[in-house]
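Enquirer: take this sequence and fold it.
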Amino acid sequence: MQAIETTDVQRPLPDVLAYNLEMLGVRSMQKEVSLQPFATLLARCRAVTSLFAVDSNIAMQVANAWSFAISGMSAYRIDASQEHVDSTSVLAAIEQCPSSIIVLDGVLDTVGEALLFSLARQDIKKTLIFPVGAYANLSLIAPEVWESMLLVPSEHLVVLPAESHPLQRCAEVSPVKPPNSAQVISELDDLVGTLADAVPLKSLAHLASLRAATKGLGGAHVWLQYQLAVRTNAAQDAKHAQALSGRLGSVDAVQDLLAALDGHHHVR
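Expert: Sure thing, here's the model as predicted:
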């Protein structure tokens, strides 16, 4: 990535992230919807996971917008699609790179389950972004992976040509606080009553943490439905995923996702 000028600003991280995304050409195709809700949800979700699956069309823009907002430098990219790449070498590269936002290319499209499980078990302080090119391949990944990773909804976002503009960096980034246990337990109790007959408790705990962290934010229910849909589709199929997502509200927001996922499923 070519050198980009940055300006320090006294603004919250979601505001700077949204600004940087726009400067890098990301646009919402929904009428009168800014990038602010997306940026706010993305930043808030960092409280519950460090692993994000992002559509390959916007993955680098998201990574760079986030990285510049935090540290004033571009995100670091690791090509993990090669057969000889193992978890030890990837973890070493993650630790050594200067950026706190890292793009791990090729992991999801080649169904690198072993690496995903290894990364999920680590206490990684950096944010890892996994580009998604072939959505059908997500169905081949073990459903347990989605207890640690978040699939970012972005079907309404596109990348357009953008002129070079200075990006912004937060003069001070406040630590992301995880939701407290009382909030998570409250959400878990509610989800157990709705989904316990079809979703393992560990997965419900992940969903409860996500819902507690994003409580009150516009569009948060769609992000929750995405996680339920991708996990259920991997464990069963798109039909079950649609039925369970329907228990949380209208399934309109996940229809495109389910269509993209349908066709392949994880085989044990």
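
Enquirer: residues touching the residue nearest to the spatial centre of the chain, list them.
Expert: What sits nearest the mean C-alpha location of the chain, by C-alpha atoms, centre = their mean, is residue 52, with 3.1 Å. Residues in contact with residue 52 (C-beta atoms under 8 Å, 6 or more residues apart in numbering) are 42, 45, 127, 128, 129, 130, 149, 150, 152. Glycine gets a C-beta too; all of them are placed from N, C-alpha and C.

Enquirer: same deal with residue 195?
Expert: Contacts of residue 195 by C-beta under 8 Å, 6+ apart are 204, 207, 228, 244, 247.

Enquirer: need the residues you listed in JSON lines with distance to residue 97, secondary structure and neighbour count, can you?
Expert: Shown next, in JSON lines, are these (distance: C-beta to C-beta, whole Å; DSSP: H, G, I helix; E, B strand; the rest coil; neighbours: other C-beta atoms under 10 Å):
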{"residue": "204", "distance to residue 97": "34", "secondary structure": "helix", "neighbour count": "22"}
{"residue": "207", "distance to residue 97": "31", "secondary structure": "helix", "neighbour count": "23"}
{"residue": "228", "distance to residue 97": "33", "secondary structure": "helix", "neighbour count": "25"}
{"residue": "244", "distance to residue 97": "38", "secondary structure": "helix", "neighbour count": "22"}
{"residue": "247", "distance to residue 97": "41", "secondary structure": "coil", "neighbour count": "14"}
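
Enquirer: any chance of those in a markdown table, plus distance to residue 145?
Expert: Shown next, in a markdown table, are those (distance: C-beta to C-beta, whole Å):
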| residue | distance to residue 145 |
| --- | --- |
| 204 | 16 |
| 207 | 14 |
| 228 | 14 |
| 244 | 18 |
| 247 | 22 |
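
Enquirer: just give me the closest of these to residue 143.
Expert: Here the nearest of these to residue 143, counting by C-beta to C-beta, is residue 228; it sits at 10.8 Å.

Enquirer: what pLDDT does that closest one get?
Expert: With respect to pLDDT, residue 228 scores 96.

Enquirer: where's residue 116 relative to residue 90, distance?
Expert: 11 Å (C-beta to C-beta, to the nearest Å).

Enquirer: more crowded one of those two?
Expert: Applying other C-beta atoms under 10 Å to residue 116 and residue 90 shows that residue 116 carries more neighbours, namely 25 against 20.

Enquirer: sec struct for the residue lying closest to that one once chain neighbours are set aside, please.
Expert: With sequence-adjacent residues excluded and distances taken as C-beta to C-beta, 6 or more residues apart in numbering, residue 116 is closest to residue 145, at 5.1 Å. Under DSSP: H, G, I helix; E, B strand; the rest coil, residue 145 falls in the helix class.
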